[in-house]
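What shape does this take:
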Amino acid sequence: MESIKPRWKSLTSAAIAHCSQPFLIYGRPYTTLTEDLRALLTDAERASAQKMPAEARNTWLWCRATLRKCLGIKLNTDPAGIQFSYNAQGKPALHNQALHFNVSHTSSSFLVGIAQEPIGVDLESIPEHIDAVTADFVLSAQEKRYCKNGENLPAFAQIWTLKEAFLKASGWGLVDDLPSINVDPCTENNSIGQSGWNSVSFACPGAEIGAFVGNGAANLEFLLACSTTT
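Residues are numbered from 1 along each chain as shown. Next comes the predicted model:
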């Protein structure tokens, strides 16, 4: 199963408000965070971001502000007043669980997913090389066949993002025995299917690979928050 190439639509308030199915928002910031979005962040969020390297900090700020803005529109509430709780693995959630969300980011791009039910998303750049030790640590036997023991780098990135998204949807975080979780797209009733979820892998505008795990993968909306050019 190859990654799909979705049609990314512009992120607008109307698109968010009228979206009834799960939706994903991709961003690759080319400017510092605008003041109207910065105003949505808490003092604690701004302080936390200051500890990050410059590029990663800007991406994280855009990601968190975009998340707040979108949740505020869907919940018809002040985005700045939204409060998050965190599970033992550090996964954030809304206090009242009125909506579910998940986020992922590289140093230069981010992905936000919002849905009515638990979901997991992941975003990764395609690696330049995967050694045998990494392949053994991450991959099940079926996954090794799918990505040729990591030699097929796009296929490895697809497996890795699906596995991360599955773990995040489950609320587990990373586990010690990653090969015990099989997300091989060619395996009928893999770990994702056994959990009653479906999944999709997709190409992102910045050449990364993204993954979604949850319900409603066939009806996802793909929205573009910011791009690499003005």
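
For the closest residue to residue 65 other than its chain neighbours, give its distance to residue 46.
Spatial nearest neighbour of residue 65, chain neighbours left out: residue 37 (3.9 Å); criterion: CB to CB, 6 or more residues apart in numbering. (Each C-beta comes from the backbone N, C-alpha and C, glycine too.) Residue 37 sits 12 Å away from residue 46, taking CB to CB, to the nearest Å as the criterion.

and what of residue 22?
Counting by CB to CB, the gap from residue 22 to residue 46 is 29 Å.

who has more neighbours, these two?
residue 22 (23 against 14; other CB atoms under 10 Å).

Which residues are in contact with the residue sitting furthest away from the middle of the chain?
Outermost residue of the chain with respect to the C-alpha centroid, by CA atoms, centre = their mean, is residue 132; its distance is 26.5 Å. Residues near residue 132 by CB atoms under 8 Å, 6 or more residues apart in numbering: 149, 150.

Can you list the low-confidence ranges for this protein?
1-2, 227-230 (pLDDT under 70).

Scan this protein for its longest helix.
helix 54-75 (DSSP state H).

chain center to the very next helix or strand once past that helix: distance?
From helix 54-75 onward toward the C-terminus, using DSSP states H and E, the following helix or strand is strand 84-86. Relative to its chain's centre, strand 84-86 lies at 17 Å (CA atoms, centre = their mean, to the nearest Å).

do stretch 155-162 as well
Worked out by CA atoms, centre = their mean, stretch 155-162 lies 13 Å from the chain centre.

Buried residues, it. List them.
Under the neighbour-count criterion of 16 or more other CB atoms under 10 Å, stretch 155-162 has 155, 156, 157, 158, 159, 160, 161, 162 buried.

Repeat that for stretch 181-196.
So for stretch 181-196, counting by 16+ other CB under 10 Å, buried means 181, 182, 183, 184, 185, 187, 190, 191, 192.

Kindly report the same for stretch 21-37.
22, 23, 24, 25, 26, 27, 28, 29, 33, 37.

The third one sits in which helix or strand?
Read that as residue 24. Element membership of residue 24 [criterion: DSSP H and E] is strand 23-27.

So what touches that strand?
Contacts for strand 23-27 (CB under 8 Å, 6+ apart): 8, 11, 16, 59, 62-63, 66, 70, 109-115, 121, 123, 204-206, 210, 212, 220-226.

For the protein, just list every one of the helices.
Using DSSP H, helices in the chain cover 13-17, 35-38, 43-49, 54-75, 132-138, 141-146, 153-170, 191-194.

Using JSON lines, lay out the ones you listed together with distance to residue 177.
Converted to JSON lines, these look like this (distance: least, CB to CB, whole Å):
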{"stretch": "helix 13-17", "distance to residue 177": "38"}
{"stretch": "helix 35-38", "distance to residue 177": "40"}
{"stretch": "helix 43-49", "distance to residue 177": "31"}
{"stretch": "helix 54-75", "distance to residue 177": "29"}
{"stretch": "helix 132-138", "distance to residue 177": "10"}
{"stretch": "helix 141-146", "distance to residue 177": "13"}
{"stretch": "helix 153-170", "distance to residue 177": "12"}
{"stretch": "helix 191-194", "distance to residue 177": "12"}
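
Can you tell me which of the ones you listed is packed in deepest?
helix 153-170 (a mean of 24; mean count of other CB atoms under 10 Å).
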